[in-house]
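Undergrad: Test case, fold it:
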Amino acid sequence: MTLKNVKQSLNEIAKSLGEIQDAREFLLTNTREIIILCSKSIIAAHKGDMTTGKSNLKKANVLLNKYKKKATGGLRRYLIIPEQEFVEAACLIAIIEQKEIPSDKKLAVMPESYVLGLLDCVGELKRQVFDKIRIGKIDEATRIFEVMENLYLQLYTFSLYDKVVKEARRKIDVNRILVDDVRSVITEEKRRAELIRILQKLEK
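TA: Numbering: from 1, shown residues only. Below is the predicted model:
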């Protein structure tokens, strides 16, 4: 009895695992740029600079498509975070521009990435609502809140898949609090606007 077969097998396995490890490190290092671009896209969108927002989103998409070719098999999971950031930015821009929120097929992302990206987008919508209220655009704030609330309701049942879609339950719990907070602010703001309207009417 010899270890000839074992040695050959282990050499081949070591080579394969080495290639996988190198690919993993490559993806982790290079996909950070995608996350940064998506963050810049979201910041620009909040500032109303949709041109910059879309430009950064487009650059992120180009990089995503490039790295998908390297992320085969089990390596696909290393694209979940950059993809969810991409989904978050793309959906935020669509909502601000009053367009249809793109599907997972349209964005060409994994199901987990799509769900997590939408969950993150709910938090960005809270900021949008507050920004609109601050500049007196209560109707626009209400529109965005309705999208925010409907998104949450659509995503609520995905807490059942927390073992498959990591962090889904925690994000949904956070979003419930965000939606309740924004609903209270919207309600209070509408009451205040109505009171001002009545007082102005009485002064005439």
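
Undergrad: distance between the top helix by length along the chain and the chain's centre?
TA: Longest helix of the chain, by residue count under DSSP state H: helix 168-203. Average the C-alpha atoms of helix 168-203, do the same for its chain, and the two points are 24 Å apart (CA atoms, centre = their mean, to the nearest Å).

Undergrad: List of residues touching stretch 103-117?
TA: Contacts to stretch 103-117, defined as CB atoms under 8 Å, 6 or more residues apart in numbering, come from residues 65, 76, 79-80, 83-88, 90-91, 155, 158, 161, 164-168, 171. Using the backbone N, CA and C atoms, a C-beta is placed for each residue, glycine as well.

Undergrad: Can you give me the first-to-last residue distance of it?
TA: Chord length of stretch 103-117, first to last residue, is 12 Å (CA to CA, to the nearest Å).

Undergrad: mean confidence for it?
TA: Across stretch 103-117, the average pLDDT comes to 95.

Undergrad: If you count neighbours, what's buried in it?
TA: Applying a neighbour-count criterion of 16 or more other CB atoms under 10 Å, the buried positions in stretch 103-117 are 104, 107, 109, 110, 112, 113, 114, 115, 116, 117.

Undergrad: Pick out whichever of the residues you listed sits closest to residue 15.
TA: residue 110 (27.9 Å; CB to CB).

Undergrad: filter the contacts of stretch 103-117 to the buried ones?
TA: Among the contacts of stretch 103-117, those scoring as buried are 79-80, 83-88, 90-91, 155, 158, 165, 168, 171 (criterion: 16+ other CB under 10 Å).

Undergrad: buried residues in the least confident helix or strand in the chain by mean pLDDT?
TA: Averaged element by element with mean pLDDT, DSSP states H and E, the chain has its least confident helix or strand at helix 4-30 (a mean of 78). Neighbour counts using 16+ other CB under 10 Å place 23, 24, 27 of helix 4-30 among the buried residues.

Undergrad: can you redo those as CSV with distance to residue 69?
TA: Formatted as CSV, the entries for the buried residues of helix 4-30 read as follows, by distance: CB to CB, whole Å:
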residue, distance to residue 69
23, 11
24, 15
27, 11
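
Undergrad: domain assignment for the protein?
TA: With domains defined by automatic domain parsing, the chain comprises 8-97, 110-204.
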